[in-house]
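K.L.:
Provide a 3D model corresponding to the input given below.
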Amino acid sequence: MFSKIAISNVKRSFRDYSIYFLTLTLGVCIFYSFNSIESQNLLSKMNKDADFILTINLLMAGTSIFVSFVLGGLIIYANNFLIKKRKKELGIYMTLGMSKRKISKILIVETLLIGVLSLVVGIVLGIIVSQGLSILVANILSVDLNKYKFIISLSAIMKSVVYFGIIYLLVMIFNQFTISKYKLIDMLNASKKNEVVKLKNSFVSILIFILSMVLLGTAYARILKTGLDAENAELIVTVMIGVIGTLLFFFSLSSFFIHIVQKSKKIYLKDINIFVLRQINNKINTNFLSMTVICLMLFLTITLLFTAFDLKGTIDRNSAGNKAFDAAAFLVVDNENEDPKANDIEEYLNDIDFTFEAYEKHSFYNEYKLNLTIEHLLSNYLSKQEKIDLEQNYLDGPISAIKISDYNSIIKLNGHDPIPLKENEVLVVSNYGQVNHALPEYMKNENIIHIEDKAYTIRNESPIEENIKITGSKFFYLIIPDNFNGELQLEFSSFNVIYDESYAEKSEEKFSNLFNNLSEDKYRDISPALVLGSTINQKEDRDNGLAAIVVFLGLFLGLTFIISSAAVMALQQLSDASDSLERYKSLKKIGVTEKLINKAILRQSLIYFLVPLGLAVIHSIVGISAVSENFTFHYESIIVSSLFLVIIYGGYFYATYVGVKNIVKNSN
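P.N.:
Numbers count the residues shown, from 1 in each chain. Here you go, the predicted model:
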């Protein structure tokens with residue numbers, strides 16, 4: 001009997017369940033898709049490091065737990081809205097003599113039906129989506145797709161069933177608890193209750209709105225000034241100012257908005273705009289707290305998606321000038337050791353019986369520290385923020401220097417002619433934007449670098465941006481004469497290698513093994529020196545590993561947040577539509593056409609969805625501008641991120657509009 005009633009209810013109320021079912025299905029789909037990534041062989045092809053695979057699997061497991069809490073809270077929240085919407089129906093059951101216990105059994109069967117159906121559909125959809133996701137991520141990370149296989153991950157299926165099974169169990173317990181609290185009179189009169197307006201005084205609303213603008217403006221100014229380089233306490237203060245400003249914005253928005261629109265009688269009195277504005281006022285005023293959370297989640301979504309899609313391109317752009325060599329290594333000099341051989345990487349290689357083949361072009365060179373810093377050199381040409389950036393990039397210490405003979409041996413590997421340098425000249429090699437920006441002004445006014453008591457002329461008109469070794473970081477070097485007689489402190493003893501194309505694979509394996517052995521301290525018994533190195537392929541693997549982690553987590557969290565935000569917006573709209581049926585019936589009674597009512601519904605839904613999204617976009621523009629030094633956002637990442645946002649958020653908006661329209665249409 002209970003099963004028949006439950007099945008009948010699900011069929012009859014499927015329109016009411018559609019948003020709920022869609023959310024459950026998308027939740028399962030996203031959850032399965034990302035947890036199935038570990039079963040694909042793309043990760044192993046991208047990075048052969050077992051520690052990396054273990055790390056990303058652990059991160060995905062931890063993120064899955066966090067996402068399950070988010071989706072669990074969303075599902076319970078959505079279920080609560082559905083229960084509230086059906087209060088009158090449940091009250092009629094009780095009036096007919098059905099006990100709360102029996103009503104609970106009906107709800108349990110309904111939850112099971114919807115849960116099992118959404119789980120099956122979600123996993124099937126997830127199997128399809130996961131294949132596209134694997135290809136998308138592989139394209140982002142430049143992974144070879146030749147060995148791609150269609151895979152159904154049994155572990156991801158089991159994980160989805162277990163996680164969502166627990167969530168549905170919690171929903172059932174929540175339903176039992178909720179039903180036990182309801183009184184019959186409250187159920188029967190649920191549709192007659194109105195929203196509680198939080199803010200009625202228009203003058204106070206204007207003051208609060210202005211205050212919210214001031215707070216948001218302050219937060220924007222602070223984050224644009226410091227970016228992510230602010231100290232933790234300062235960054236927390238900025239975030240809190242932004243959160244409070246966002247909260248006050250939504251708290252005061254509806255009353256302020258109505259006050260402004262009322263000034264324009266042509267708009268206020270047109271069609272049924274009075275009704276539309278009052279509806280929006282009630283919704284925003286009642287749900288200002290949830291709209292604040294939704295706005296912040298959308299802000300995180302946009303930022304995460306932009307970062308995820310652009311990170312690989314940013315890494316590629318930053319390392320574009322670092323591919324001149326196939327392999328490189330350096331020995332960290334111990335200045336307390338007086339034995340010169342102990343601080344020479346060539347001697348170190350001899351000790352471990354490592355030799356270069358004739359087809360492996362190489363050069364040895366030393367890096368020194370000068371008694372001079374970039375900040376001291378360009379102090380009058382760097383802004384306060386640029387000086388902070390120097391510190392953040394570890395460039396605020398002594399300037400690194402390389403002798404001209406060593407530098408010429410490095411560039412000779414790539415077929416460049418040696419550069420002559422006089423005794424009173426230096427070359428500047430730098431890819432650091434702020435420094436390169438300040439140098440032309442410095443050279444225009446001074447063109448002289450004072451190192452200790454001697455003046456050196458800068459030979460090059462603009463910095464040489466080609467790096468001298470394999471690195472993804474910002475760098476600044478001075479190339480000094482061989483007979484430089486100032487204070488020099490040896491910092492690194494290094495070498496660079498370029499393979500002959502005919503033996504590239506053999507050389508790559510040889511140097512990869514060397515650097516792996518170095519990282520595992522296998523030569524510690526021979527020499528205590530610290531030597532670090534990598535091939536360009538190893539570096540790209542590490543970069544791709546970092547990009548993979550950010551892409552996976554960014555997409556996973558971003559899609560979860562946008563689904564959660566859009567689902568809450570949709571459920572609130574549908575719930576409010578049910579509560580406002582009497583108002584729509586009144587409009588019909590006074591002769592308002594169905595076309596005009598549908599137009600009003602469209603406007604309400606559109607404004608309600610766009611308000612938190614609009615503020616979130618402004619937050620995101622400011623946030624992205626603040627981290628523009630770390631990420632260079634391009635139109636490709638913006639387009640792809642916007643497509644995800646428009647498809648999911650826009651899909652929920654359209655489903656909400658159709659759902660509200662049907663509720664009002666069928667109210668007779």
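
K.L.:
what residue ranges in the stretch 301-450 of the chain score low on pLDDT?
P.N.:
Counting by pLDDT under 70, the ranges of the stretch 301-450 of the chain that qualify are 311-323, 383-396, 433-434.

K.L.:
quick one, phi psi at L370?
P.N.:
Torsion angles at L370 (phi, psi; degrees, to the nearest 10) stand at phi -90, psi 160.

K.L.:
wait, it sits on I399?
P.N.:
Yes: if you go by CB atoms under 8 Å, L370 and I399 touch, sitting 4.8 Å apart. Yep, even glycine has a C-beta here, placed from its N, CA and C like the rest.

K.L.:
show me the common contact partners of the two, please.
P.N.:
The contact sets of L370 and I399 overlap at L478 (CB atoms under 8 Å, 6 or more residues apart in numbering).

K.L.:
how many residues are close by the residue lying closest to N436 once chain neighbours are set aside?
P.N.:
The shortest distance from N436 to any non-neighbouring residue, by CB to CB, 6 or more residues apart in numbering, is to P463 (5.0 Å). Here the neighbour count serves as a burial measure; for P463 (other CB atoms under 10 Å) it reads 20.

K.L.:
so who does P463 touch?
P.N.:
For P463, the contacting residues are V428, V429, S430, N431, V435, N436, L439, by CB under 8 Å, 6+ apart.

K.L.:
between those, which sits nearest S575?
P.N.:
N431 (55.6 Å; CB to CB).

K.L.:
pLDDT value on the residue nearest to N436, please?
P.N.:
Per-residue confidence for P463 comes out at a pLDDT of 83.

K.L.:
and what of Y503?
P.N.:
Confidence at Y503, expressed as pLDDT, is 90.

K.L.:
touching, it and A358? I think so.
P.N.:
No: using CB under 8 Å, Y503 is not in contact with A358; the gap is 9.6 Å.

K.L.:
whichever strand or helix holds F495 pairs with which strands, parallel or anti?
P.N.:
Element membership of F495 [criterion: DSSP states H and E] is strand 488-499. In the sheet, strand 488-499 lines up against strand 327-332 (antiparallel), strand 360-373 (antiparallel) (DSSP bridges).

K.L.:
show me where this protein has its strands.
P.N.:
Remark: strands assigned in the chain by DSSP state E are 327-332, 360-373, 398-403, 425-430, 448-451, 454-458, 476-480, 488-499, 530-535.

K.L.:
out of the ones you listed, the one nearest L555 is which?
P.N.:
Minimum separation from L555 across the strands of the chain (CB to CB) falls at strand 530-535, 28.0 Å.

K.L.:
mind giving me the packing neighbours of the closest one?
P.N.:
For strand 530-535, the packing partners by 3 or more CB pairs under 8 Å, 6 or more residues apart in numbering; DSSP states H and E come out as strand 327-332, helix 504-519.

K.L.:
try 10 Å this time
P.N.:
Based on contacts counted as 3 or more CB pairs under 10 Å, 6 or more residues apart in numbering; DSSP states H and E, the elements that strand 530-535 packs against are strand 327-332, helix 345-351, strand 488-499, helix 504-519, helix 536-579.

K.L.:
turn those into a markdown table, including mean neighbour count and distance to M291.
P.N.:
Compiled in a markdown table, those are given as follows (neighbours: other CB atoms under 10 Å; distance: least, CB to CB, whole Å):
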| stretch | mean neighbour count | distance to M291 |
| --- | --- | --- |
| strand 327-332 | 23 | 53 |
| helix 345-351 | 17 | 61 |
| strand 488-499 | 20 | 55 |
| helix 504-519 | 16 | 50 |
| helix 536-579 | 22 | 8 |
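
K.L.:
wait, which of the ones you listed is closest to S363?
P.N.:
Checking the helices and strands packed on strand 530-535 against S363 by CB to CB gives strand 488-499 as the closest, at 5.6 Å.

K.L.:
let me see the domain layout of the protein.
P.N.:
Under automatic domain parsing, the residue ranges defining each domain of the chain are 1-193, 321-532.

K.L.:
tell me how far the last one is from the chain's mean position?
P.N.:
Think domain 321-532. Taking CA atoms, centre = their mean, to the nearest Å, the mean C-alpha location of domain 321-532 is offset from the chain mean by 34 Å.

K.L.:
so which of the helices and strands packed on strand 530-535 gets nearest L169?
P.N.:
helix 536-579 (20.1 Å).

K.L.:
and the angle for the closest one with strand 488-499?
P.N.:
Counting by axes from the mean of the first three to the mean of the last three CA atoms, to 10 degrees, helix 536-579 points 90 degrees away from the direction of strand 488-499.
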